[in-house]
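Q: Pasted the sequence and its predicted model underneath.
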Amino acid sequence: MATGRSGGGLTTSMAGPKSKEDPVRQQLIQELFSDSSSTNGETMLTYVKIYEEERSAKETKIITTGKKGGGAERTKMLSKPRYLCMTVKANGKVRLHKVKKTSATSYHIGRTWHLDEIKSIENVDARRLTVIINRPYAWVTDTAELKTDFLMMLLKVLRSNLKRLPTLINIDEPAIATQFNMAREAAPTPASRSHRTAPIPDGLGGGGSNAASSGSFVQDFEHRLSIQTERMKRSAAPSTSSLGSAIIPGMAGGANSPRSERNGAKFMEDNEPLDEIALMNLEELLYDMDLASSEDGGALETRLMNELKSLEMANVYSIIESDDRIKDVMSELDKGIEELDDMDNWLSLYRQELDSMGDDIRQIESQNRGLQVQTSNQASLLRELENLLISISIPDRVLETLKKETLDRESGIHKIEDAVAEVQDVLLAKYDEDVAGMSAVRGRMEHYGFHCSNFAGRFADFMKNKIQAHVDQYLNDKQRTLSKGYIVLFGYEPIEKFFIAYRGLILWLREMDARRFTELQMIYVNNLNRLFRKELKEFFNVLSVHHITRLEKPDDSGFVFGSTYHGGLIARGGSALRESLSSPSDLSGRIPWRRRSTREDVSAPNSVNLSRNGTRLNDSSHKIDVGPEEKLAVDEAFSQALSIVTAVAAREQNYMSDLFTMTKMMSMRMFIDEPPPFSMQDLDAKRKPVLDLKSSKRLAQLMGIMFDGLSVELNNLAENGVKNESVQCVGMLISVERVQKDFADSDQSFLTTMLTQLHTKLVGMFEKYVEEQLKFIEEARHKTKRRGVLPFMRIFPRFAERMEGLLDGNSDIEARKMITAAYDKLVRMMFESTEAVAKETVDFDDKEQGSHVVNIENMHHFYSELRQRKISNLENYMKYAKSSYESHLETYVRGAVRRSLSKLLDFFDGVEGLVKTKASEDVAFHLTYNKQAVKKVVALYPASVVRKDLAQMYKKVDKHFSSEEEEGLLQVAWRGIQEEFIRQHERFSRLIRECYPDAGVQMEFSMQELLGFFSEIAKSHH
């Protein structure tokens, strides 16, 4: 074996672990793997001599091979020989080394790979294989047997150490195993290998005869690998031998088993130690069964039982194959099966014949039953046809009623309603498609439809003529002409009472002829539009021309910051100004055209509206209660007009909804059986929103056509009023919000949309108005260079009073929020402008004192005027104005006193500062505040000097507060100066007593003298 296969150490390794026949193996071990006992040492398991294929001709060897049968020869360019060694480390890890022979007895490891780095293995031909690790490696062995042996061992190691094998290409493991066993059987077998033979399992062997032979997958390679692994483990854990001894009986099936006895005897013959023999026996068994020693006992037992069953099956199959009688038995069984198949075919034919006969019998029975059902159905059909003809028959009297009955009398209307309902029931009845297609039914339906269409045309023409006649009559009625003092928007009760009688027939027309129904709606709306357009235009024209007051100049009122009203008062002098401010709460009474709203009287149910000739107007008419020469403010006139026109429009929508049955789901039969209630008084009631969106949109569309001029007239009235007096937009805005609140949660979508648009327009006017007032305040800030109350401070209290009067206690409307926001903008601008004017004033000899005077006068005026008017929404600004007024007044008083007593104040302020840090007795010894200093400063202010200073001070204060608008401020300021003088005199005297008790110093003027000076000044100016 060694001479026949000298290209590798595979055959030599089969001689047993003690074999030393292979010199190349010994040299490899001695040079590279001799230190196997250390922790990092490796033990070589096997090796094979290989040649690597290369494309270049450098260091190459040409090998010639021929195909069997005399085929052409081929050559390969191979590199120098290398050795592929398989080793195992102490931790059980197996590696591959590619070794290069450098000299006769020396070797060098070129590359090293772990098993898990192998990606795929390809069997190219008999001696060639390709292994992909990090790149493809093409290796060629000297003989096919060497490649087969090494490949078989490599696969076994891979299966033992890896959970997932690399990709195997063109590798038939059973075939390789068979070749491997055949090669072993052909070679001389040493006596030392007899104990390691085992049968090949059927799944990997070549045939049944091999199952009982001595061929096996177990080789010396496995034996060497297991022994080396156990030795490595025993070197790390000395107690392994005892563990191995304990495992042997269980793993081998017991001490008395034949295999155990045979293996034990063989091991004893080889003179191996007991523990090593036991471990070798155990490893041999595990590798024979392809088992891992790490599995538990239960799993091991299960796998052993499965292997036993497989072996028994293989033996049975081998016995069967070896017995010739089995073929005779199988032949007889095949004949019996063929006879049974013939019998089954005959039975199938009989069953088909019987099924065919049964189908014929059932078909005959079904035809008999069908004839009976057909006879019964024909009889029933004849009865149904007779009943159908009776049900679709309409008496001739009904058709004559549709053709000739009058529409002018109530009795005729009721007869026609019954007739059209009967015809409608027939025409709208639901029939099956087959019944409806019958010529008799179709003919009668066409006949009745013809009569129905003729009546629909007759009724539509009748309604059109009546609508136009009524509208023309009202347009030509001279009693409905408006004039000065007579502003009425007439109602149409006669029209409402006349046409409501036809709502049943209108409902029938909607269901039977939708086109004529839509045309009738438009005829009604367009004719009423002619009437409303004329009367609304006349109504607003008379109101605007004769009964709305106009200022001589636009915005010429006392409520507008940019008006000329306040300029006229100032030009007339102080008396006129005092008169205008004497009773600001009665401002509305001094404007002759301002009067309280009469909207409540107009809308009241008990009010009496009289026509021009003194007769009472109908309930649907509305009149503005105004005298021939009486004038109304724009917002008052707008409020009354808006209330009247919206009431008329809402009533008309309710009537049109009832007349055309637009908001109720009802049929003609339902109307005949239970007519819906109708009352003229209910037309003025508020109704809930319509759930049917389509009907709601249609109703709003018709109202928009009927009252197409209403929005224009209201917008014109609002614009003209704002042009004359901008503040009127607030009153009109409040009126719109009140009406919006009245129609909230109702079905008046047309009015709601119109009022929303009008509200948006008025909001824009108000915002523009506020911006203009802010601009006027800004301009006044730069133009005003004088004393007294600033113009915008005089106007704002009247403006606020007007706004609150327009709100009239309505705090839950949007106008309240808008006015409050306007207050905020205006007051902030006024306060900022006041501060700016105060800083820029040049009318005072002392600019600082002049600034305080301007703030005192304006803040006092703002606070006192608003407090008198009791406007709660301005409470925060009133508090700010009061605080500012008091702060400036205090600063002004202290400044005036300091101008008179400056040296005394400076000296005693210093003394007071020393007292805070030193004892009172130590102050007299201070260099600056000693006794001589206090005597000197006190001597500067004798009584005569103080008296003279007070007289001059009073003149200055009187000059500062000479404004006729705020006369009381002079006394307030002088009283503050008197109190400040007294307080300072007391402070001076107290500090002298505390700090200079022994200096004999006192003020040059006493408290009594000071009070006498103020008393003299007061008497001299009263």
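A: Yep, it's here. Numbering: from 1, shown residues only.

Q: Now the terminal residues of stretch 96-116, how far apart.
A: Taking Cα to Cα, to the nearest Å, the span from the opening residue of stretch 96-116 to its closing residue is 11 Å.

Q: buried sites along it?
A: Within stretch 96-116, the residues scored as buried using 16 or more other Cβ atoms under 10 Å are Leu96, His97, Lys98, Val99, Lys101, Tyr107, Leu115. In this view, the C-beta of every residue, glycine as well, is placed from N, C-alpha and C.

Q: just how off-centre is that stretch within its chain?
A: Using Cα atoms, centre = their mean, to the nearest Å, the distance from the centre of stretch 96-116 to the centre of the chain it belongs to is 70 Å.

Q: One more: stretch 29-36?
A: Put simply, stretch 29-36 sits 75 Å off its chain's centre (Cα atoms, centre = their mean).

Q: Residues contacting that stretch, please?
A: For stretch 29-36, the surrounding residues in contact (Cβ atoms under 8 Å, 6 or more residues apart in numbering) are 41-44, 85, 87, 97, 99, 105-107, 109, 228.

Q: Likewise for stretch 876-885?
A: When contacts are taken as Cβ under 8 Å, 6+ apart, the neighbours of stretch 876-885 outside the stretch itself are Tyr823, Val827, Phe831, Asn855, Ile856, Met859, His860, Phe862, Tyr863, Leu866, Arg867.

Q: which one of the contacts of stretch 29-36 sits closest to Arg516?
A: Compare each of these with Arg516 using Cβ to Cβ and the shortest gap goes to His97, at 108.0 Å.

Q: what packs against the helix or strand encompassing the closest one?
A: Using DSSP states H and E, His97 maps to strand 94-101. Other helices and strands packing on strand 94-101, by 3 or more Cβ pairs under 8 Å, 6 or more residues apart in numbering; DSSP states H and E, are helix 23-32, strand 42-53, strand 74-89, strand 107-114.

Q: Relative to Ala815, which of these is closest?
A: Among the helices and strands packed on strand 94-101, strand 107-114 comes nearest to Ala815, with 90.4 Å by Cβ to Cβ.

Q: What strands line up against the very next helix or strand once past that closest one, and which way round?
A: Per DSSP H and E, the first helix or strand lying C-terminal to strand 107-114 is strand 120-123. In its sheet, strand 120-123 lies beside strand 128-132 (antiparallel), strand 167-169 (parallel), with partners assigned from DSSP bridges.

Q: Which one of those strands lies nearest to Ala650?
A: Proximity to Ala650, assessed across these by Cβ to Cβ, is greatest for strand 167-169 (90.5 Å).

Q: pLDDT below threshold where in the stretch 451-600 of the chain?
A: In the prediction, the stretch 451-600 of the chain carries residues with pLDDT under 70 at positions 551-600.

Q: Could you check how far the most centrally placed residue in the chain is from Thr663?
A: With distances taken as Cα atoms, centre = their mean, the residue of the chain nearest its centroid is Leu693 (28.5 Å). Relative to Thr663, Leu693 is positioned 12 Å away (criterion: Cβ to Cβ, to the nearest Å).

Q: Ok, Lys817 next?
A: Spatial separation of Lys817 from Thr663 under the definition Cβ to Cβ is 35 Å.

Q: Look at the two and report which has more neighbours.
A: Thr663 (19 against 11; other Cβ atoms under 10 Å).

Q: And the more buried one, its phi and psi?
A: Recorded main-chain torsions at Thr663 are phi -110, psi 10, according to degrees, to the nearest 10.

Q: just Ser483 next, same as before
A: In terms of degrees, to the nearest 10, the main-chain angles of Ser483 are phi -150, psi 180.

Q: Apart from its chain neighbours, what residue comes closest to it?
A: In space, and not counting its chain neighbours, Ser483 is closest to Val542: 6.8 Å by Cβ to Cβ, 6 or more residues apart in numbering.

Q: what about that neighbour, is that helix, strand or coil?
A: Following DSSP: H, G, I helix; E, B strand; the rest coil, we place Val542 in the helix state.

Q: Report how many residues lie close to it.
A: Look at Val542: counted by other Cβ under 10 Å, it has 19 neighbours.
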